[in-house]
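Enquirer: Here's a sequence, model it:
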Amino acid sequence: MKISLNFLLTFIILISLSHQVQSSIRMVGGWSDVTNEMPETAQSVVDWVLVRVKGYEGVGESAELTVVSVRQQVVAGMNYDVSVKSLSSEGECQMHEVVVYYVPWKNEKTITKESSMPCDE
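Expert: Purely as a prediction, here's the structure:
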């Protein structure tokens, strides 16, 4: 009985430690923030998105664009979720979310999701 109790306590401790280690490691395939020192690949995708956002209805070439956030997700290639705030010359503020699927070995970028909404000011 004593061996079984020691085994049980050891098992519980190992499970607890395992959970703590797993919670501190980023989930494989999950979204992660791109830091201020953006990799060249991510920067090229963001630049590509900004050109497209300027063509959205109500934005225009003279709009001021601010990148709010960039997230990435490893898939068979890379997904980038880019949030952009636009302020048109008429003062209209919009938030845009653009998700781009990027295949670096083919240099292919495809928009898989895009949405725009007025800013919450």
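Enquirer: State the helix or strand in which Val68 lies.
Expert: strand 64-75 (DSSP states H and E).
Enquirer: and the residue nearest the centre of the chain, what does it touch?
Expert: Centroid check for the chain by CA atoms, centre = their mean gives Arg71 as the closest residue, at 1.7 Å. Counting by CB atoms under 8 Å, 6 or more residues apart in numbering, Arg71 makes contact with 31-34, 80-81. All C-beta spots, glycine's among them, are computed from the backbone N, C-alpha and C.
Enquirer: Ok, Glu37 next?
Expert: If you count contacts by CB under 8 Å, 6+ apart, then Glu37 has nothing around it.
Enquirer: ok, it to Gln43 distance?
Expert: 10 Å (CB to CB, to the nearest Å).
Enquirer: just Ser62 next, same as before
Expert: From Ser62 over to Gln43 (counting by CB to CB), the distance is 23 Å.
Enquirer: what do you get for Asn36?
Expert: 11 Å.
Enquirer: Could you do Gly29 as well?
Expert: Separation of Gly29 from Gln43 (CB to CB) stands at 23 Å.
Enquirer: if you count what's nearby, which of Ser62 and Gln43 comes out ahead?
Expert: Neighbours per residue, other CB atoms under 10 Å: of Ser62 and Gln43, the larger number sits with Gln43, 13 against 10.
Enquirer: OK, contacts around the more buried one?
Expert: Per CB under 8 Å, 6+ apart, neighbours of Gln43: none.
Enquirer: Looks to me like it is in a helix.
Expert: Yes: per DSSP: H, G, I helix; E, B strand; the rest coil, Gln43 lies within a helix segment.
Enquirer: if we can go back for a sec, got the buried residues for the strand holding Val68?
Expert: 65, 67, 70-72 (16 or more other CB atoms under 10 Å).
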